[in-house]
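# Provide a 3D model corresponding to the input given below.
(one chain, ligands or ions: 1)
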Amino acid sequence: MKIQVIQGDSFWYYSQLSGIPLPLIIASNQQLNPNQLMIGQEVSIPGYQAVAYTIQANDTLWSIAQSNQIPVDLLLRINPNVQPTQLQIGQTISLPQRITTPIITDVNNYTYEKMVTDLQRLIELYPFIQQQSIGNSVLDKEIIELQIGSGSRQKHINGSFHAQEWITTPVIMLFLNDYALALTNHSPIRGLDMLTYFETNTLSLVPMVNPDGVNLVINGAEAAGSQQDFVLSLNNGNTDFSGWKANINGVDLNNQYPALWETEAARKPDSPAPRDFPGYEPLSEPEAIAMADLARARPFEIMNAFHTQGEVIFWGYQGMEPPASETIVQEYSSVSGYEAVQYVDSFAGYKDWFIQEFRRPGYTVELGSGMNPLPISQFDEIYQETLGIMLATLYM
Ligand SMILES: [Zn+2]
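You can find the predicted model right below:
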C-alpha cells in the first residue's frame, strides 16, 4: 500500500507504525532518498493492502484505528485527502490490512500468463521484490528474473528449462511468496529468521526459463502461434504435448551449453524434436543465451536448476566442481531426503557449463518422483521437500 509523507516523517517512523522491518521499507522505495523525504511524496509500505471502509454514525478516525488495532498516524497517512474532523456517514476511506496468507493458491496448469498475473500482485504487495527481463523467448515472451534481498551474496534458482517439468515454476513462485510473507510478518520458516538472509543474500529467481514450451504443454498447439504446424509435425500430429521438453523450435535448452556439447550432439537427435535435440550449435536459442548471459553478469555463489523427476541432486562435472559443492549437496540431501549423485553420463546442461565456466557450486535438482509430467497432486509434497533446499541455498 502507499502512504503520503507528512512533516517530520522518516522511514524509521513508518517501520514503527506498520511493524514492517526497516530494511524492507528501504528496499521497497529505492527511488526515494530516505534522508530527504518530501511532504506529499508517496511511500510504499510492503505487506499491506488498502481496503475500503464506509464511515458509520459516531465513527472517528481514532475509534476506527482503535477497533482495527491500527495506529491512527498510519490511518492519517493512508487517507491524505480525508479531513479527520469532517467525516461523513457513507464516506469511504482506506484501511490498512496486513497480508498474512499466500496469494499464490492456484498452482495447477501454471502457464506463463498465470505466473505474470501472480507476479504483478506479488510485486504490488511486496515492492522490495525486483523484477526484470533477461531476454525474450522465440515467441517473444519476456524471460523474467526476480531478485529478493539486499545482501552481497548472490545465489540463483531456476525452473522449467524443460517444458513438461513446469511444476518447478510454482514451487519457486510459492517460495518467493512464503519468503515475502515471513519477512513482513516476522514469522520464521522452519525456525529460520528470514530477515537475516534478506540482508546477507540477493536471491535471483528465473521461475520459467522456457515459457513457450510450458504454454505448449499446458494449452496445446494453439499456444505455438505461427509455429503450430511445425510443432504438430515434430509431435507426429499428436495434439497431446505432455511429453514435450524442448523450446518452441524443438531444441532441448538443457542440451545447449558448450560443455562437451559435441559428445552430447553425437548421440542425440540431429534435427528438431520434442526432446533431446541439442540444436545445430551450442547456444543457438534465445532462452539458453539469456541464461548464459545472466550467469556471466552475476557472481552467483550457488546455482540450482530445478527439474523433475527422480529425487536426486546432480552436483559434479568432470571434476571441475569445487570442494564446497560436496558440502552444500550433503546439506541439500539431508534436508530433502534426495540422493546426491556426483556424475552422470549427460553433458551440455546448464549445470555442467556453470561448473566448467565458473568453478562454483551448480546443481541439477530432480524434484519429485513418478512419470513426467508429474501430477499436480504431488505439489505440496514436492514443495515441502524442495523448501529445505531453497532455504539451504540462503544459509549455506
Ligand atoms: Zn529436465
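# unless I'm mixing things up, residue 84 is touching residue 60, no?
Yes: taking C-beta atoms under 8 Å as the definition, residue 84 is a contact partner of residue 60 at 7.3 Å. From N, CA and C alone the C-beta is placed, and that goes for glycine too.
# and this protein, which residues reach the ion?
162, 165, 307 (C-beta under 5 Å from the ion).
# who's in contact with the residue in the stretch 201-350 of the chain that the ion sits nearest to?
Of all residues in the stretch 201-350 of the chain, residue 307 sits closest to the ion, at 3.2 Å by C-beta to the ion. Applying C-beta atoms under 8 Å, 6 or more residues apart in numbering, we find residue 307 in contact with 161, 162, 165, 168, 254, 364, 365, 366, 367.
# Tell me where the stretch 151-300 of the chain has strands.
Taking DSSP state E, counting those that start in this stretch to define them, one finds strands in the stretch 151-300 of the chain at 153-159, 201-206.
# Nearest approach to residue 357 belongs to which of the ones you listed?
Residue 357 lies closest, by C-beta to C-beta, to one member of these: strand 153-159, at 13.5 Å.
# circling back to that earlier point, just the ones of the contacts of residue 307 in helices?
residue 168 (DSSP state H).
# Let me see the domain layout of the protein.
Split into domains by the TED database, the chain comes to 2-98, 112-213+282-395.
# most tightly surrounded among those?
Highest mean neighbour count among the domains of the chain (mean count of other C-beta atoms under 10 Å): domain 112-213+282-395, with a mean of 20.
# Now the two most distant members of the contacts of residue 307.
254 and 367 (14.4 Å).
# Check whether residue 128 really touches residue 122, as I assumed.
No: under the criterion of C-beta under 8 Å, residue 128 is not in contact with residue 122, lying 10.6 Å apart.
# shared neighbours, the two?
Both residue 128 and residue 122 are contacted by residue 180, under the criterion C-beta under 8 Å, 6+ apart.
# that older thread, now the contacts of residue 307 as CSV including pLDDT?
Below are these laid out as CSV (pLDDT from 0 to 100):
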residue, pLDDT
161, 98
162, 98
165, 98
168, 98
254, 98
364, 98
365, 98
366, 98
367, 98
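# between the contacts of residue 307, which is nearest residue 291?
Out of the contacts of residue 307, the member with the shortest distance to residue 291 (by C-beta to C-beta) is residue 161, at 8.0 Å.
# Who are the contact partners of that closest one?
209, 210, 253, 254, 305, 307, 350.
# List the ones among the residues you listed that fall in helices.
residue 350.
# which residues touch residue 336?
Per C-beta under 8 Å, 6+ apart, neighbours of residue 336: 311, 313, 385, 386, 388, 389.
# what's the most distant pair in those residues?
Longest span within the contacts of residue 336, C-beta to C-beta: 311 and 388, 12.6 Å.
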